[in-house]
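Trainee: quick one: sequence plus predicted model below, questions after.
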2 protein chains.
Amino acid sequence: MSSIKDVAKLSGVSVTTVSRVMNNRGYIGKETRSRVEKAMQELDYQPNQIARSLQRSRSGLIGVIVPDLAHPFFSELINEIEAYANARHYKIIICNSVHDAEKEANYINMLRQNRADGIIVCSHTLSTEKYEHEEMPVISFDRVISPSIPYVASDNYQGGEIATKHLIEGGCKKILHISGPLEYDLLANRRKDAFELTAMKAGISYMSLEGAYIEATFEDNYKFIEEHISAVLENYDGIFCSNDLLAYALYVYASRHHIRVPEELKIIGYDNHSFTRMLQTPRLTTIQQPLDKLGEALAFSLISNIERQADGKHNQNIVLDVQLIKGDTT
Amino acid sequence: MSSIKDVAKLSGVSVTTVSRVMNNRGYIGKETRSRVEKAMQELDYQPNQIARSLQRSRSGLIGVIVPDLAHPFFSELINEIEAYANARHYKIIICNSVHDAEKEANYINMLRQNRADGIIVCSHTLSTEKYEHEEMPVISFDRVISPSIPYVASDNYQGGEIATKHLIEGGCKKILHISGPLEYDLLANRRKDAFELTAMKAGISYMSLEGAYIEATFEDNYKFIEEHISAVLENYDGIFCSNDLLAYALYVYASRHHIRVPEELKIIGYDNHSFTRMLQTPRLTTIQQPLDKLGEALAFSLISNIERQADGKHNQNIVLDVQLIKGDTT
DNA sequence: ACAATTTATGAAAACGTTAACTTATACTAT
DNA sequence: ATAGTATAAGTTAACGTTTTCATAAATTGT
């Protein structure tokens, strides 16, 4: 592949001049410019970004760390991140931590060595310390890592409140919430707080159960329902699941056991990602996280941070509104 | 961030020696090695991969071009590609062509400029010429681009045959196939060939309809069914859809119009990606493409090509077996 | 005892850019 | 006419590595 030197030689100028033509910097004679441009065309010259990166010490690379790339939630989120980043000429390197702290640490190291310009962390395995002292700009999704690391999230408390109120307004008297695993301090846990507070305020009988970490497969979710929920299921007439895949498994469990949804049992999920939107049998009632805006906010926030002027206003957290999607299960 | 020079200075040796310690090349004194290693630790030294890439003219970057990152088929495929590539110390840059030829061309340019080591093309917009004369190793998914570019695919003819036979064996007398768009010469079109040949051989009444390109949303698929299929639906008792999302939309259409599946109409899809595996209402009968093996084969094939020794055996196409998944719709 | 080899290290060039200095000519204003 | 500036282009160092070449001491073989 031809280099700037080849272009310089062919057009009979110095490499500096070629560089100036490329970057439109400084003065260039009209005729010189066209000679250089012709040479670039002739050689199909592609400026070497690696050399540029080394020189400018900016790689244009953004690492996105997710726990599971094939999960509809994260694939959609990455889709949005990539679109925004691409429009701003950043490249996305995907890092699939597979819920494994060691893998995550390796990815961070890799991103350091490749001088990535920043990291978006959507994974929640690693103890947060590794990020706290990171030199690269980091944006976190749905988690408070440290005061210096901005996060982007949807309003989990609001979501929990809307979901709970929806059940209560639907006439539920005994409601259950199945949360995500609580061991990490995720903002998603605010859904549980909202559930409990809202139920309490309404004077309704309620209960919260902690969900385990579950692979995004139907079988795992169904097994969880069988093992941890089935025994207490008859005690409730409304269940708020912290994610749609679990809610769907619960629905399937209920229909297989001839519990009529929504008449005997109302189910509301959370996320409304592509799986849920595709699903029509039943259309799940759920809380929609604005995945498009979340992805955009993550990319926007990180890039502003990378390119920040010295005005210091780039460390703001972003919290976005959620929305009730009324389906057939409530 | 500290460089090799800092390490050299701190340990009182030359940069060459530090480089030798890192890469385990040449002779190094025992005591020197430990001094250097201590210095690297002390400085939290991270070798600059950008500089390495420039020097070695190998970036370790692989570009993966897909039409839609959020589609369950592609997100799963990328997941597998990434896993295999990561184990071999390659990094994946994702390129979302959004079915747009211009965007695709821009991505290819970007990958050229970043001196990516190779490209995996799962997108099918661009006229194939742009790839034919590409210097980088290219592997194509499900499409013949040129004799010099190996492809990876599952056995589409086999899949079409299995699906068609399954319908016939289930007692269908008048069968329909809805293919993907035929304008690109994709290997997926072999499913149609198989359908027609198998039906003909069996002496069964059959018909093929060309599907349009459809966004991976329920609404688009449903609209397609309404506009192009509903009018002729009653003529058939078995339909083979070229993808699961369309098959599901068809199922929903049928149940909304009180056509009993599978009694009056049998439906078989294609792919068995994460959406289909998650879906239990109904469990769709479908042909499973081995996404895990396909992803691995793509990555393996590309990487062998990148690192090829001069034995010339690296341009082989890979075709993998598919499998019938019997669900409730046949 | 002395040549050959093994071991250990360093200096300098190269990879492909950009940026900070130079140099030189042509125009402009007084 | 002459200093000042706008225009045009080249030289060279730098970014952080690896690699080739060179040098020298220590070890080995006869």
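Mentor: Cool, the structure landed. From a predicted model like this one, the values you see are computed outputs, not experimental measurements.
Trainee: show me where the stretch 151-300 of chain A has its helices.
Mentor: Listed in chain order, the helices of the stretch 151-300 of chain A (DSSP state H, counting those that start in this stretch) span A:156-169, A:190-202, A:218-224, A:244-256, A:274-278, A:291-306.
Trainee: could you dump those into CSV and include distance to B:Glu210?
Mentor: Every C-beta, even on glycine, is put in place using the N, C-alpha and C of the backbone. Formatted as CSV, those follow (distance: least, Cβ to Cβ, whole Å):
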stretch, distance to B:Glu210
helix A:156-169, 43
helix A:190-202, 46
helix A:218-224, 33
helix A:244-256, 33
helix A:274-278, 23
helix A:291-306, 31
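Trainee: what's the closest of these to A:Ala105?
Mentor: Counting by Cβ to Cβ, A:Ala105 lies closest to helix A:291-306 out of those; the figure is 20.2 Å.
Trainee: and the next helix or strand after the closest one, which strands flank it?
Mentor: Remark: after helix A:291-306, the chain's next helix or strand is strand A:318-320, criterion DSSP states H and E. Sheet pairing of strand A:318-320 (DSSP bridges) gives strand A:151-154 (parallel).
Trainee: what lies in contact with the strand it pairs with?
Mentor: A:139-145, A:187, A:289-290, A:294, A:297-298, A:301, A:317-322 (Cβ atoms under 8 Å, 6 or more residues apart in numbering or on different chains).
Trainee: where does pLDDT dip in chain A?
Mentor: Residue ranges of chain A with pLDDT under 70: A:126, A:309-314.
Trainee: not counting its neighbours along the chain, what's nearest the closest residue to chain B within it?
Mentor: Per Cβ to the nearest Cβ, A:Ser75 is where chain A lies closest to chain B, at 3.5 Å. Spatially, and ignoring its direct neighbours in sequence, A:Ser75 is nearest to B:Ser75 (3.5 Å; Cβ to Cβ, 6 or more residues apart in numbering or on different chains).
Trainee: and for A:Arg143?
Mentor: Excluding the flanking residues, the one nearest A:Arg143 by Cβ to Cβ, 6+ apart is A:Leu186, at 5.3 Å.
Trainee: do the same with A:Leu197
Mentor: Nearest non-adjacent residue to A:Leu197 (Cβ to Cβ, 6+ apart): A:Glu161, at 7.8 Å.
Trainee: and if you look at A:Ser179?
Mentor: In this structure, A:Ser179 finds its nearest non-sequential neighbour in A:Lys192, 4.4 Å apart by Cβ to Cβ, 6+ apart.
Trainee: go on, A:Ile267?
Mentor: Closest residue in space to A:Ile267, ignoring its immediate chain neighbours: A:Thr329 at 4.3 Å, by Cβ to Cβ, 6+ apart.
Trainee: how about A:Ile92?
Mentor: Nearest non-adjacent residue to A:Ile92, counting by Cβ to Cβ, 6+ apart: A:Glu82, 4.9 Å away.
Trainee: in this structure that neighbour contacts A:Ile93, no?
Mentor: No. The pair A:Glu82 / A:Ile93 is not scored as a contact, 10.6 Å apart, by Cβ atoms under 8 Å.
Trainee: what about A:Thr286, how many neighbours?
Mentor: For A:Thr286, the number of neighbouring residues by other Cβ atoms under 10 Å in any protein chain shown comes to 31.
Trainee: wait, isn't A:Leu54 in contact with B:Ile50?
Mentor: Yes. Counting by Cβ under 8 Å, A:Leu54 does reach B:Ile50; the two are 5.0 Å apart.
Trainee: okay, the two: which has more neighbours?
Mentor: Applying other Cβ under 10 Å to A:Leu54 and B:Ile50 shows that B:Ile50 carries more neighbours, namely 23 against 19.
Trainee: wait, a strand at that one?
Mentor: No. Counting by DSSP: H, G, I helix; E, B strand; the rest coil, one finds B:Ile50 to be helix, located in no strand.
Trainee: dump the residue contacts of it.
Mentor: Taking Cβ under 8 Å, 6+ apart, one finds A:Ile50, A:Ser53, A:Leu54, A:Ser59, A:Asn114, A:Arg115 in contact with B:Ile50.
Trainee: switch to 10 Å and redo it
Mentor: By Cβ atoms under 10 Å, 6 or more residues apart in numbering or on different chains, B:Ile50 lies in contact with A:49-55, A:57-59, A:61, A:113-115, B:59.
Trainee: got it, and A:Val13?
Mentor: For A:Val13, the contacting residues are A:Val7, A:Arg20, A:Val21, A:Ile28, A:Gly29, A:Thr32, A:Arg33, A:Arg35, A:Val36, A:Ala39, by Cβ under 10 Å, 6+ apart.
Trainee: so how far is A:Asn86 from the third one?
Mentor: Applying Cβ to Cβ, to the nearest Å, the value for A:Val21 to A:Asn86 is 26 Å.
Trainee: then the fourth one?
Mentor: When Cβ to Cβ is the yardstick, A:Ile28 and A:Asn86 sit 30 Å from each other.
Trainee: do the second one as well
Mentor: Note on A:Arg20: its distance to A:Asn86, by Cβ to Cβ, is 27 Å.
Trainee: ditto for A:Leu176
Mentor: Between A:Leu176 and A:Asn86 the distance is 43 Å, computed by Cβ to Cβ.
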